[in-house]
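Engineer: Output the structure for:
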Amino acid sequence: MISIPLVFAATSDIAGRTRGKAFPVSELDKRLKRGIGWTPTNVMITCFDAIAPSPFGSLGDLLLIPDPEARVEVDFADGGPVERLMLGDITDLDGRPWDCCTRSILKAALERLRSCGGIQLVSAFEHEFQILDAGEVLPDAYSLRGFTQRRQLGEALMSALDQAGLTPDTFMKEFGPNQYEVTNGPAQGHRSADQAVILRELTRIAAQRCGEQVTFAPILDPISVGNGVHIHMSLLDENGSPVTYDENDPFGMSSITASFIAGVLKYLDSIVALTAPSDISYLRLTPNRWSAAYNNLGFRDREASVRICPTSSADPEKIAKQYNFEYRAADSAASPHLALASILHAGAQGIEDGLPAPQVTQENLSVLSEAQLSDRGYTRLPQSLEQALQRFEQNEVVTRWFPAGFASIYAAHKRAEIAHLGDRVVKERCSAYSKVY
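Structural biologist: Down below sits the predicted model:
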């Protein structure tokens, strides 16, 4: 069949969707300078393709400028087309970052962190997803049989990630029905968020090439497990040396790490609207689901919102390189760029304010009374998206981290998403999101 190769220039928008336009590869040099046209009201398109009330109306023009360092070209060698994708930044016509560009918002958060003594971020996103319409559900948690059933998908996906410039790490059958996990190696700065977008899209494409459909929706069944995104982070100084670990701390936290995590915990209930931003995300963020329910730091505890992860060495120098902490109150309804930006702003606020090291929990907080939790400084995370949006809007410290007007745009967008669901029952809501993510 005749063909002019196209490349898809994309943004990860505030709905957590990858949207954009394709253009001929032969025009790449021109598009790197001039971009492609974009419309401000596009930011109000919800994940369900309804348009929220827009402050922009039909007015305005923007540019989506593809980034050559975020270019992906993958040939599945199955007779199908080569997949070509480039992530980019949204600017105004004069080249200034647009206030609602999630990639630019993340870059601003990284610059703020850098201003805290030259601190740089290394991070990686760990993803869970499920196969849709996969027939009979077998008891295959973590099993070889479960892996073998999707070996073709796993191997195609690992190859695709490698071709895309990511570092393939693991692919496994997870605990839930037809649930799998895929991980890739860490990257610096905004590249880890870029790679999270690329991984999600390549997972969907690889599954389609294998004759299947997948979903990263936060939860498919309220009585079953959910699909989380766990964001692993460590910090480097301006010379690229690890500064996350201190062997003299009982839990290994350096003073910078402690203040960063303390900031995340202090503002967690106000940023979760951006890291777990769907109506059904809060079915997953409940006690005893191995997700996150309180603003606590756990030591190797998969119920904690932030977890200190294990290392596999006795050598202090190697431990310093391996040592990382994990943010667990996130899912794939969030743009990776916006989720990471909100975490970094909270952490940078903690460093700037010199917050002391948080208490580290090694217990089940769900057995404590509300009074006991309050006495120890713990807060139950929001239990609905509306509650999360209210805490976000009411926290002036948090809303000031973002460009003027962003908070109201984001809240209006998300409330339109809630309104679209109307009076659907929980399972119908889960089903609606399964078709989106």
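Engineer: Just the buried positions in the helix or strand of the chain with the lowest mean pLDDT, please.
Structural biologist: Lowest mean confidence among the helices and strands of the chain (mean pLDDT, DSSP states H and E): helix 370-375, at a mean of 86. Of the residues in helix 370-375, those buried under the neighbour-count criterion (16 or more other CB atoms under 10 Å) are L373. Yep, even glycine has a C-beta here, placed from its N, CA and C like the rest.
Engineer: Stretch 305-317 too?
Structural biologist: Applying a neighbour-count criterion of 16+ other CB under 10 Å, the buried positions in stretch 305-317 are S305, V306, R307, I308, C309, T311.
Engineer: center of the protein, which residue is that?
Structural biologist: Taking CA atoms, centre = their mean as the criterion, P336 is the residue nearest the geometric centre of the chain, at 3.3 Å.
Engineer: does that one really touch I198, like I thought?
Structural biologist: No - with contact taken as CB atoms under 8 Å, P336 and I198 are classed as non-touching, separated by 9.7 Å.
Engineer: quick one: contacts for the closest residue in space to Y323 that isn't next to it in sequence?
Structural biologist: Using CB to CB, 6 or more residues apart in numbering and skipping the chain neighbours, the partner closest in space to Y323 is Y245 (3.8 Å). When contacts are counted by CB atoms under 8 Å, 6 or more residues apart in numbering, Y245 touches G252, M253, S254, T257, I319, A320, Y323.
Engineer: Most neighbours of all these, which one?
Structural biologist: Neighbours here mean other CB atoms under 10 Å. Within those, the largest count is held by T257, at 27 neighbours.
Engineer: Provide the secondary structure category for it.
Structural biologist: Following DSSP: H, G, I helix; E, B strand; the rest coil, T257 is assigned to helix.
Engineer: residue contacts, it?
Structural biologist: Contact partners of T257, counting by CB under 8 Å, 6+ apart, are L235, V243, T244, Y245, D246, F325.
Engineer: Now, those residues that are in helices?
Structural biologist: Taking DSSP state H as the definition of helices, the contacts of T257 contribute nothing to them.
Engineer: Out of these, flag the one nearest to A50.
Structural biologist: For the contacts of T257, the closest approach to A50 (CB to CB) belongs to F325, at 37.0 Å.
Engineer: Please report the distance of the residue nearest to that closest one when sequence neighbours are not counted from S192.
Structural biologist: Computed as CB to CB, 6+ apart, the closest residue to F325 that is not its neighbour in sequence is I308, at 5.4 Å. Using CB to CB, to the nearest Å, one obtains 19 Å as the distance from I308 to S192.
Engineer: circling back: give me the distance between the residue nearest to F325 and G252.
Structural biologist: Distance of I308 to G252, computed by CB to CB: 7 Å.
Engineer: ok, which stretches of the stretch 201-350 of the chain are strands?
Structural biologist: 213-215, 229-236, 297-299, 306-308, 325-327 (DSSP state E, counting those that start in this stretch).
Engineer: Could you identify which of these is most buried?
Structural biologist: Burial of the strands of the stretch 201-350 of the chain is given as mean neighbour count (mean count of other CB atoms under 10 Å); strand 325-327 ranks first at a mean of 25.
Engineer: Make a markdown table out of the strands of the stretch 201-350 of the chain and add distance to G79.
Structural biologist: Output for the strands of the stretch 201-350 of the chain, formatted as a markdown table (distance: least, CB to CB, whole Å):
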| stretch | distance to G79 |
| --- | --- |
| strand 213-215 | 20 |
| strand 229-236 | 33 |
| strand 297-299 | 48 |
| strand 306-308 | 44 |
| strand 325-327 | 40 |
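Engineer: Mind telling me which of those the model trusts least?
Structural biologist: When these are compared by mean pLDDT, strand 297-299 comes last with a mean of 93.
Engineer: So what touches it?
Structural biologist: 251, 261, 265, 304-308, 325, 358-362.
Engineer: Residue ranges of each domain in the chain, please.
Structural biologist: Each structural domain of the chain that the record assigns through automatic domain parsing is listed here as a residue range: 6-98, 106-434.
Engineer: Most tightly packed of those?
Structural biologist: Here the criterion is mean neighbour count by mean count of other CB under 10 Å, and of the domains of the chain the winner is domain 106-434, at a mean of 19.
Engineer: Quick one: end-to-end length of that domain, please.
Structural biologist: Across its full length, domain 106-434 reaches 27 Å end to end, with CA to CA, to the nearest Å as the criterion.
Engineer: do the same with stretch 423-437
Structural biologist: End-to-end distance for stretch 423-437: 21 Å, by CA to CA.
Engineer: Tell me how far that stretch lies from the chain's centre.
Structural biologist: Stretch 423-437 has its C-alpha centroid displaced from the chain centroid by 20 Å (CA atoms, centre = their mean, to the nearest Å).
Engineer: which residues touch E393?
Structural biologist: Applying CB under 8 Å, 6+ apart to E393 gives the contacts T399, A407, S408, A411.
Engineer: which residues does the closest residue to E326 other than its chain neighbours contact?
Structural biologist: Once flanking residues are discounted, E326 sits nearest to R307: 4.6 Å by CB to CB, 6+ apart. By CB under 8 Å, 6+ apart, the contact list for R307 reads L297, G298, F299, R300, D301, F325, E326, R328.
Engineer: export the contacts of T257 to CSV and tack on distance to L93?
Structural biologist: CSV is the format used below for the contacts of T257 (distance: CB to CB, whole Å):
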residue, distance to L93
L235, 37
V243, 40
T244, 41
Y245, 46
D246, 48
F325, 41
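Engineer: re earlier: among the contacts of strand 297-299, which ones are in helices?
Structural biologist: I261, L265.
Engineer: Any chance of TSV for the contacts of strand 297-299, columns distance to L340?
Structural biologist: Output for the contacts of strand 297-299, formatted as TSV (distance: CB to CB, whole Å):
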residue	distance to L340
F251	23
I261	15
L265	17
A304	19
S305	15
V306	14
R307	17
I308	19
F325	14
P358	20
Q359	25
V360	23
T361	24
Q362	27
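Engineer: Relative to S281, which of the contacts of strand 297-299 is nearest.
Structural biologist: For those, the nearest to S281 is S305 (13.2 Å; CB to CB).
Engineer: on that earlier part again, from the contacts of strand 297-299, which is closest to R34?
Structural biologist: Ranking the contacts of strand 297-299 by separation from R34, with CB to CB as the measure, puts F325 on top at 41.5 Å.
Engineer: wait, isn't that closest one in contact with H232?
Structural biologist: Yes - taking CB under 8 Å as the definition, F325 is a contact partner of H232 at 7.5 Å.
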